Every structure is written in C-alpha cells, then in structure tokens.
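> Take this sequence and fold it.
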Amino acid sequence: MDFDPNDKGSKRFYGKSLPFDVKKTYQHPYVDLLTVEQAMGDFAVFIDWFKTSVGAKDNPVIAFGGSYGGMLSAYMRFKYPNLISGSIAASAPIYLTAGVSSRRFFFEDVTQDFKTALSGCADGVRQGFRQMFNVISKGKQGLQQISEVFNLCSPLTQRQHVEHLVGWIRNAFTYLAMLDYPYPTVFMSPLPGHPVKNYDQTTTT
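Numbering: from 1, shown residues only. Modelled structure (predicted):
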C-alpha cells in the first residue's frame, strides 16, 4: 500500500490533515473513521512510505508516546511487530481500558495530589462544586449567576451547557495534577514548577 502525502484519503483528522472537508470530517458518519485501528493503520502506511523514501528499509523503528500516544505506541508494537522493533509507552492507561483496574483510580490520584499540596485544598474544591450546583438548581436565575461569576462569553441557557462548563473546570484540575512537575513546563501550556501548589497559594491568599 503506497502513501501519497498529497492524497487527503491517506491523512486523517490531525492538524490540517482532514480526510473530508472541514464541515464533514467531524460529523457522523465520517468521524466514525477516527478509530485507534485507523490511526495505527495510518502510522503503518506512513512508516513504510517514509523508510522507503529515505532509504532506511532495514533500520529499526521505536515507537514512543505518552497517554493516548503511549497506548498507540504499545499497540503498534503488538499489531505491527514487522514494522515496530520496540515501544516506549509513558503514562499509558492500558490496564484501565482493558478493564483490569479500577476506573476510579485516576480521579482518586488527582484528588490525592491536591490533598498533598495543601491541607484542606481538596475539600475546598469539593465545596466549590457543591456551591456551584446549588446555584444552578435555582433555574434560569442560577444559570445567569454562574454565567456572570465565570464571565462567560455566551450566557448559559440550558442544563447541558452547565455540564459542558463543569467538564472544562474539572479538566483544569486534572491537567494541573497531570502536569504537577517540580520544574516549569510549556509542552501543554506555560506552567510553573509545582503548579498544584502554586494554584493553591494563589487561590487561598
């Protein structure tokens, strides 16, 4: 199978590489092509094309990645051992997706990170969410109040909008925990060292 870098059908969903036009690509049924199997197939085709292009057919390939990329690198080693000589899978939740470990451990670890950073921090976060949901329970008045407190560009008008907002807030906490390194990082966004502890100090002083 040949890889044609100018063929939109050979490139899928990442950056400007869309298999269909922008409107279609992320709608059903077209987005259904965005699967782990398809992603691995694309990598396999690309690796074969690239090694041929640079005259490196006999050179070994080591797959590596973190999180989802780590899972892909491990899966590539299993599925395409003829192409992948080794794999480095960092922070790859393979046991979680395989159903052989608790699905609660991730958020338990996030909570523990905030507990460790500052006494009372995790309880304060919980209380903040409780207060938010109490306000939301007031109906339209609550939605308006939340919209004003968070200075939202578009006011909340429906319950599902609230769930979307809560997801964004939750993700802020999870990203702080996942990137809680003792040194500054920039690969996701500019963060200081110990971002969870810095967050606590900023919000409690």
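> where are the low-confidence patches of this protein?
By pLDDT under 70, the weakly predicted segments of the chain are 1-12, 200-205.
> can you do 80?
Counting by pLDDT under 80, the chain contains low-confidence ranges at 1-17, 99, 101-103, 159-160, 199-205.
> remind me, longest helix of this structure?
What stands out as the longest helix in the chain, according to DSSP state H, is helix 159-178.
> just the strands in this protein please.
Assigned strands in the chain, in chain order: 62-66, 86-90 (criterion: DSSP state E).
> neighbouring contacts of the last one?
When contacts are taken as C-beta atoms under 8 Å, 6 or more residues apart in numbering, the neighbours of strand 86-90 outside the stretch itself are 60, 62-67, 70-71, 73-74, 76-77. Any C-beta I mention is one placed from the backbone N, CA and C, and that applies to glycine too.
> do the first one as well
Applying C-beta under 8 Å, 6+ apart, the set of residues contacting strand 62-66 from outside is 43, 70-74, 76-77, 84-92.
> how is this structure carved up into domains?
Residue ranges for the domains of the chain, per automatic domain parsing: 8-97, 105-204.
> Please convert those domains to TSV, extending it with mean neighbour count.
Output for the domains of the chain, formatted as TSV (neighbours: other C-beta atoms under 10 Å):
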stretch	mean neighbour count
domain 8-97	14
domain 105-204	14
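> ok, Ala117 - contacts?
Contacts of Ala117 by C-beta under 8 Å, 6+ apart are His194, Val196, Lys197, Tyr199, Asp200.
> Next, work out how far apart it and Val196 are.
With distances defined as C-beta to C-beta, to the nearest Å, the gap from Ala117 to Val196 amounts to 4 Å.
> Look up which residues are beta-bridged to Leu191.
Counting by DSSP bridges, Leu191 is bridged to Thr185.
> quick revisit: switch the contacts of strand 86-90 over to JSON lines; also include distance to Phe129.
Formatted as JSON lines, the entries for those read as follows, by distance: C-beta to C-beta, whole Å:
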{"residue": "Pro60", "distance to Phe129": "49"}
{"residue": "Ile62", "distance to Phe129": "42"}
{"residue": "Ala63", "distance to Phe129": "39"}
{"residue": "Phe64", "distance to Phe129": "36"}
{"residue": "Gly65", "distance to Phe129": "32"}
{"residue": "Gly66", "distance to Phe129": "28"}
{"residue": "Ser67", "distance to Phe129": "25"}
{"residue": "Gly70", "distance to Phe129": "30"}
{"residue": "Met71", "distance to Phe129": "29"}
{"residue": "Ser73", "distance to Phe129": "35"}
{"residue": "Ala74", "distance to Phe129": "34"}
{"residue": "Met76", "distance to Phe129": "39"}
{"residue": "Arg77", "distance to Phe129": "40"}
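> and which of those residues is nearest Pro155?
Compare each of the contacts of strand 86-90 with Pro155 using C-beta to C-beta and the shortest gap goes to Ser67, at 33.8 Å.
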